[in-house]
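Q: return atomic coordinates for the entry below.
(2 chains)
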Amino acid sequence: MAICGVGESEHTRASGRSAEAIGAEAVERALEDAGLAPEAVDGLMFSGGLGPQFNADAYRKHFGTKHEMWTSHEGGGMAWAATAPARAAEALRDGRATAIVNVFSVAWATERGQHKAGAHARFHLDEPYKANLEVPFGWFPQPVYFATIARRHMFEFGTRPEHLGAIAVSARRHANRHPGAVMREKPLDLDDYLAAPMLVDPLRVLDCCLISDGGGAYVMTSKERARDLRKPPVGVAGIGEALSPSGSHWSQQAAFTATPQVTSAPAAFAMAGIQPSDVDVLALYDPFSIVTLMQIEDMGFCEKGQGGDFVANGGLDFDGGKLPTNTHGGLLSHAYVLGISHVVEIVRQLRGEAASQVEGARIGVYGGYTGERASTLVLEAGV
Amino acid sequence: MSNRFPLPDPDFAPTRAYFESAAAGKLSIPRCPDCMRWDWYPTGSCPACDRTPTAWIELGGDAELFSFSIVRRAFAAPFRDCVPFVAALVVPQEAPTVRIPTNIIDCDFDALVIGMPLRVVFRVLRFEGIEGQVVVPQFVSKASAIEHSQSASGP
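A: Numbering: from 1, shown residues only, chains lettered A, B, ... in the order given. Here you go, the predicted model:
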C-alpha cells in the first residue's frame, strides 16, 4: 500500500472554526495533492474518541456527493496516525474501498478560549482513580506527569536541562523554516531556553506542546494505483503497535522512563526489513521534549539513557544532525495536531519536497505515542 | 467529576479506606493475603488472579522519594493559592511496587533529592472556595520529621 496524497489545514491560534471545518480543509488539500476527485475516495478514517471529527456525512455534505463510504474510527492522530494504514490495507485487500483518507483535526485553541473542557481534559478529571489519588495532590495534568518522568530520567541517566533544550531548539529551528508552522516567526536558541522560567520544574513552557487549531489528512491506495497518480508514491513498509503492560496510569508504569516503543519499533523495523541505522528522517509524537528523548532511546537509535548526548549540539537537525527529527517543528513548534502532520512531513521528505529537506531521504519513520500505547510507521520512497 | 473537585470523592469505594485510614492517622495500602501482591491503585481484588479479595494493611509510614516535580503555575483554579508546590511519587518502605502520588511539604525545594527518606504526615486538605475537607497522607523529609519530634519532646 502507498500514501498518494497529503494535505494540511492552516495551523493557527484560536480560529473560531470547528474541527469538522478544519478537517474538511485538510481533506480538500490532500485530494488536490493526490489528484483525486471527491467521489474517487470511498473510504474514510477518523478518530473515535476525540470530539467531533470530519466523518462520512460531513464528507458527503462538504463535497456535495452521495456515494457510499467505508469508514473506520481507528484512524486520526496520535498512535492511530501510524496504525491507520494497517486497517486501511485490510479494507483495500477485502475490496471494501479503493482509496482511503485518514483525517484528524482539532479546534482546541478555539475551545480553550471559550473555556470548554474538551474530551482530552475531562478524561483526566473524570477517571475516578486519577480524580481521587492524583488530582487532589495536584499530580495532574500532563505537564506534571512528564515533569516527574523527566526528573526521574535525569536521576537515572544524567540527562540535563541542556538536552531537553536541544530538542526544543531543533524543533523551533525547523518550524522557523516551515511555511505552515505556528512558531515560524519566533526564533529560539539554547540560551533563550535556559533563561526561560519553569512551568513544572524541570519542564519549561518551551518543553510543552502548543495548543492550536488545525488538521491534516493523508490518502492511501494500492501501490499500483498510486504510481499513476499526480505525486510520487510513498510506500508503507512496516507498522508496529504496543500497549504498556502496566496499564494506563503514568504514575504506575513499571518502566517509568520508557515508552512502549521498546516493543512497537522493533516489530515495525522487522516488518520493513530495516535497522534503526537505515532511517533517514524521523518524526516523533512530542507532547513534551522528554517524550522525544525517550522514544529515540526506546526505538533503538541509541542506548537507553544516551538520548541526551544523541540530541545535543544539533543532533536532530535536518542538516548535519545524527538523525533529522521533527523537521516540520513537531507538536512543540509546528502545530498541535497530534501527529497527523508528522506523517504528512515524512511523506513530503520522501518525495523530496519538504521545507527543510533531508538530502536523499529514502526511509522515514513516524513514532506515535499516547500514554499506554505506542506505534511505529515505516515509510519508503520510490515504490 | 465531583462538584467538590479537586477533593477526593468519599463515595468512590475503591479508595475510601485509603482516606478513612488517613483520618485515623494511618497509611494503608491493600494487599492480597494469599500471594502478598500489593493492589495499587486499589481495585479490591488481587492484581494477579483478580479473584482473591485484598485487605488493607497498615504501613509504618517510612517511604522513599521516587520522583517529583515543582508545580509553579496552577493548572486549575483551586490550586492558585497552592503554587509553588511539590507533586511527587513516593514508594513506601514495605511496598516497593507501589507509587503513591502525594505532596512533599514543609520542605526546601533545593534539598529534594530522588531516593531521600521520607516520613508520612496526615494533613487536612482544603481548597479556597471548595466545600469540605479531607485528611490525606503527605510526606516530609525523614530528617526534618526526626528533628521535629525531638524538639517536640525536648526539655
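
Q: for the rest of this, base every contact and every neighbour count on C-alpha atoms.
A: OK.

Q: count of neighbours near the closest residue to residue B:105 other than its chain neighbours?
A: Using C-alpha to C-alpha, 6 or more residues apart in numbering or on different chains and skipping the chain neighbours, the partner closest in space to residue B:105 is residue B:140 (5.5 Å). Close neighbours of residue B:140, defined as other C-alpha atoms under 10 Å in any protein chain shown, add up to 20.

Q: so what's the gap between stretch B:98-109 and the chain middle?
A: Mean-position distance between stretch B:98-109 and its chain equals 8 Å (C-alpha atoms, centre = their mean, to the nearest Å).

Q: repeat that for stretch A:283-301.
A: Worked out by C-alpha atoms, centre = their mean, stretch A:283-301 lies 11 Å from the chain centre.

Q: pull up the residues of the stretch 1-150 of chain A that are close to chain B.
A: A:125-126, A:128-129, A:131-139, A:141, A:144, A:147-149 (C-alpha under 8 Å from any C-alpha of the partner chain).

Q: host element of the residue nearest to residue B:105?
A: strand B:134-141 (DSSP states H and E).

Q: next, the distance between the ends of stretch A:224-233.
A: Start and end residues of stretch A:224-233 are separated by 9 Å (C-alpha to C-alpha, to the nearest Å).

Q: and for it, what are the contacting residues?
A: For stretch A:224-233, contacts defined as C-alpha atoms under 8 Å, 6 or more residues apart in numbering or on different chains pick out A:2-5, A:33-35, A:223, A:351, A:381-383.

Q: what residues sit buried inside that stretch?
A: Within stretch A:224-233, the residues scored as buried using 16 or more other C-alpha atoms under 10 Å in any protein chain shown are A:226-227, A:231-233.

Q: just for chain B, where's the confidence low?
A: For chain B, the stretches flagged by pLDDT under 70 are B:1-3, B:148-155.

Q: all the strands of it, residue numbers only.
A: Along chain B, counting by DSSP state E, strands occupy B:27-31, B:55-59, B:62-71, B:85-92, B:100-103, B:117-125, B:134-141.

Q: swap in the stretch 1-150 of chain A?
A: A:2-8, A:43-45, A:70-72, A:99-107 (DSSP state E, counting those that start in this stretch).

Q: show me what contacts residue B:79?
A: A:138, B:127.

Q: how much space between it and residue A:147?
A: Applying C-alpha to C-alpha, one obtains 17 Å for the distance of residue B:79 from residue A:147.

Q: which of the residues of the stretch 1-150 of chain A next to chain B are buried? Put it as a ChimeraX command.
A: A single ChimeraX command is used to select the members of the residues of the stretch 1-150 of chain A next to chain B judged buried by 16+ other C-alpha under 10 Å:
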select /A:125,128,129,131,132,133,134,135,136,137,138,139,141,144,147,148,149
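
Q: measure how far stretch B:62-78 is from the centre of its chain, please.
A: 12 Å.

Q: check contacts around residue B:80.
A: B:73-74.

Q: partner residues bridging the residue nearest to the spatial centre of chain B?
A: Closest residue to the average C-alpha location of chain B: residue B:137 at 3.9 Å, with C-alpha atoms, centre = their mean. Residue B:137 has these beta-bridge partners by DSSP bridges: residue B:122.

Q: isn't it up against residue B:119?
A: No: shown here, residue B:137 and residue B:119 do not form a contact pair, counting by C-alpha atoms under 8 Å, at 9.9 Å.

Q: around chain A, pick out the residues from chain B.
A: B:1, B:5-9, B:12, B:15, B:41, B:66-73, B:75, B:79, B:87-89, B:98-103, B:114.

Q: got a quick PyMOL command for the buried subset of these?
A: A single PyMOL command selects the buried members of the residues of chain B next to chain A (16+ other C-alpha under 10 Å):
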select buried, chain B and resi 5+6+7+8+9+15+41+66+67+68+69+70+71+72+79+87+88+89+98+99+100+101+102+103+114
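
Q: residues in contact with residue A:311?
A: Listed by C-alpha under 8 Å, 6+ apart, the contact set of residue A:311 reads A:163, A:166-167, A:293, A:322.

Q: quick one: which of these has the most company?
A: Neighbour count (other C-alpha under 10 Å) singles out residue A:167 as the most crowded of the contacts of residue A:311, with 31 neighbours.

Q: show me the contacts for that one.
A: Residues in contact with residue A:167 (C-alpha under 8 Å, 6+ apart) are A:289, A:292-293, A:311-312, A:316.
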